[in-house]
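Engineer: 3D model of this:
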Amino acid sequence: MDIVPRSVLGTNGIMPRGDLGGLNLSTVPKVFIECGNMRNATDASMMRSGTFQQSASAAIDAAIVQFLS
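Structural biologist: Here you go, the predicted model:
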């Protein structure tokens, strides 16, 4: 699975937001990773798939390891 930054909003896959209490009220750094849009039927179907969940988690894991290396 390739990681492709979202280009619809934001820049280089990053879109600061002021409406997420879990992030805005945090006292430690946090990252919010979006793997799909639950309002999109195709995305919602993929998100329910164990295969997709494993693939997405493996891609996130690989990206974090690569970033930290």
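
Engineer: What ranges in the protein fall below the confidence cut-off?
Structural biologist: 1-9, 13 (pLDDT under 70).

Engineer: Return the set of buried residues in the lengthiest helix in the chain.
Structural biologist: If you go by DSSP state H, the chain has its longest helix at helix 50-68. For helix 50-68, a neighbour-count test (16 or more other Cβ atoms under 10 Å) marks 52, 56 as buried. All C-beta atoms are positioned from the backbone trio N, CA, C, and that covers glycine.

Engineer: mind saving the C-alpha coords of that helix as PDB?
Structural biologist: Output of helix 50-68 as PDB, limited to C-alpha atoms (Å, rounded to 0.1, in the frame of the first residue of the first chain):
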ATOM      1  CA  GLY A  50     -10.000  -6.800   8.100                       C
ATOM      2  CA  THR A  51      -7.700  -7.000   5.100                       C
ATOM      3  CA  PHE A  52      -7.700  -3.300   4.600                       C
ATOM      4  CA  GLN A  53      -7.300  -2.700   8.400                       C
ATOM      5  CA  GLN A  54      -4.200  -4.900   8.400                       C
ATOM      6  CA  SER A  55      -2.800  -3.200   5.300                       C
ATOM      7  CA  ALA A  56      -3.400   0.300   6.600                       C
ATOM      8  CA  SER A  57      -1.900  -0.500  10.000                       C
ATOM      9  CA  ALA A  58       1.200  -2.100   8.300                       C
ATOM     10  CA  ALA A  59       1.600   1.000   6.100                       C
ATOM     11  CA  ILE A  60       1.300   3.300   9.200                       C
ATOM     12  CA  ASP A  61       3.800   1.200  11.100                       C
ATOM     13  CA  ALA A  62       6.300   1.300   8.100                       C
ATOM     14  CA  ALA A  63       5.900   5.000   7.700                       C
ATOM     15  CA  ILE A  64       6.600   5.700  11.500                       C
ATOM     16  CA  VAL A  65       9.600   3.400  11.400                       C
ATOM     17  CA  GLN A  66      10.900   5.100   8.300                       C
ATOM     18  CA  PHE A  67      10.400   8.500   9.800                       C
ATOM     19  CA  LEU A  68      12.200   7.600  13.000                       C
END
